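Engineer: Need the 3D shape of this:
(one chain, ligands or ions: 1)
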Amino acid sequence: MKEDILHQITLIEKRIADACVAAGRNPQDVRLLLATKTVPPERIRVALEAGRTLIAENKIQELKEKFAALEDIPHENHFIGHLQTNKIKDLLKYNVSCLQSLDRLDLAEKLHQRLQSDNRTMDVLIQVNTSGEASKFGVEPALALDLVRSVAQLKTLRIKGLMTIGLLSAEAGKVQACFRLLRNLRNSIRAQGVDGVEMNELSMGMSGDLETAIAEGATIVRVGTAIFGQRPTPDSFYWNENTA
Ligand SMILES: *Cc1c(COP(=O)(O)O)cnc(C)c1O
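Structural biologist: Presented below is the predicted three-dimensional model:
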């Protein structure tokens, strides 16, 4: 099991490096994030001990369950799932440094209130629904700039960029269109020069489409299956409005 994970990580690192070369980019500019939903802490630990540093959960419950088992090994936690406002307290308790799935103002406002009373800040990415699928979370592209402007008023939240889950499709052109949309949106928001907003990160691309995402400018790729294997739970459990 250990050798398996290590081998898969090597393969992913190679895919990232190759994609960067093909796109004329520096591999240092793309971070590998391990999407660890359903993965038990012993397996996550193998990846961390192999030198990976960035992991992310989709559900507060899983974050909570694995926290103690991984506490002693240095790493960074992001959160990439749909977050209910009543779980904000837990998000702050378990050392999440970046919320990548900020998709609505009421969540931002409640998070800001908490952070303010704790006297701390948090990095956030704005999640955008680039596929147009009703089942996917994220702000509509046309409303993203407005959300950025509103969130920028909340001084505990540091906007670093955008995140998306692209269309899961075998048609590369359609997947690419999602990632291109996110990049263009990032560029146009960046051109607005909103006070206090850094628009450098593009979190996009997963096991099946990371090359496409890197070609379109991804700075963070989020990989689960290709490293840890197939998950027992379907992704609809994590991604759909009805089940979240
Ligand atoms: C599960 C998940 C990933 C990783 O997907 P894989 O196809 O397993 O690589 C990336 N991003 C989000 C938001 C996820 O929930």
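Engineer: wait, what's in contact with the residue lying closest to Thr233 once chain neighbours are set aside?
Structural biologist: Closest residue in space to Thr233, ignoring its immediate chain neighbours: Thr38 at 5.6 Å, by C-beta to C-beta, 6 or more residues apart in numbering. Backbone N, C-alpha and C define where each C-beta goes, glycine included. Residues near Thr38 by C-beta atoms under 8 Å, 6 or more residues apart in numbering: 62, 231-233.
Engineer: repeat for Ala144
Structural biologist: Here Ala144 is in contact with 126, 128, 162, 185, 189 (criterion: C-beta under 8 Å, 6+ apart).
Engineer: That one should be in a strand, yeah?
Structural biologist: No. Using DSSP: H, G, I helix; E, B strand; the rest coil, the assignment for Ala144 is helix, not a strand.
Engineer: Just the pLDDT for the nearest residue to Gln192 once chain neighbours are set aside.
Structural biologist: Once flanking residues are discounted, Gln192 sits nearest to Leu145: 6.7 Å by C-beta to C-beta, 6+ apart. With respect to pLDDT, Leu145 has a value of 98.
Engineer: And Leu145, how close does it get to the ligand?
Structural biologist: Look at Leu145 and the ligand: by C-beta to the nearest ligand atom, to the nearest Å, they are 22 Å apart.
Engineer: what do you get for Gly24?
Structural biologist: 25 Å.
Engineer: Could you tell me how many residues sit around that residue?
Structural biologist: Using other C-beta atoms under 10 Å, Gly24 has 7 neighbouring residues.
Engineer: related to what we said a few turns ago, so which of the contacts of Thr38 belong to helices?
Structural biologist: Among those, the members found in helices (DSSP state H) are Glu62.
Engineer: quick one: which of the contacts of Thr38 is most hemmed in?
Structural biologist: When these are compared by neighbour count (other C-beta under 10 Å), Glu62 ends up highest, at 18 neighbours.
Engineer: Per-residue pLDDT of that residue, please?
Structural biologist: Residue-level pLDDT assigned to Glu62 equals 97.
Engineer: wait, what's in contact with it?
Structural biologist: By C-beta under 8 Å, 6+ apart, the contact list for Glu62 reads 36-38.
Engineer: Over to Asn58?
Structural biologist: Neighbour list for Asn58: 35, 37, 79-82, 238 [criterion: C-beta under 8 Å, 6+ apart].
Engineer: Out of the residues you listed, name the two that are farthest from one another.
Structural biologist: The span of those, defined through C-beta to C-beta, is set by Ala35 and His82 at 14.1 Å.
Engineer: measure the nearest residue to Thr85 once chain neighbours are set aside to the ligand for me?
Structural biologist: Leaving aside its sequence neighbours, Thr85 sits nearest to Lys110 (C-beta to C-beta, 6+ apart; 4.8 Å). From Lys110 across to the ligand, the span is 21 Å (C-beta to the nearest ligand atom).
Engineer: Ala35 and His82: who's more crowded?
Structural biologist: More crowded of Ala35 and His82, by other C-beta under 10 Å: Ala35, with 25 against 21.
Engineer: count of neighbours near the closest residue to the more buried one other than its chain neighbours?
Structural biologist: Nearest non-adjacent residue to Ala35, counting by C-beta to C-beta, 6+ apart: Gly224, 3.6 Å away. For Gly224, the tally of surrounding residues (other C-beta under 10 Å) stands at 22.
Engineer: Contact partners for Gly224?
Structural biologist: So Gly224 contacts 34-37, 39, 206-207, 231 (C-beta under 8 Å, 6+ apart).
Engineer: Glu49 now?
Structural biologist: Per C-beta under 8 Å, 6+ apart, neighbours of Glu49: Ile73.
Engineer: all strands of the chain, in order?
Structural biologist: Along the chain, counting by DSSP state E, strands occupy 31-35, 54-57, 76-79, 96-102, 122-127, 157-163, 201-203, 220-223.
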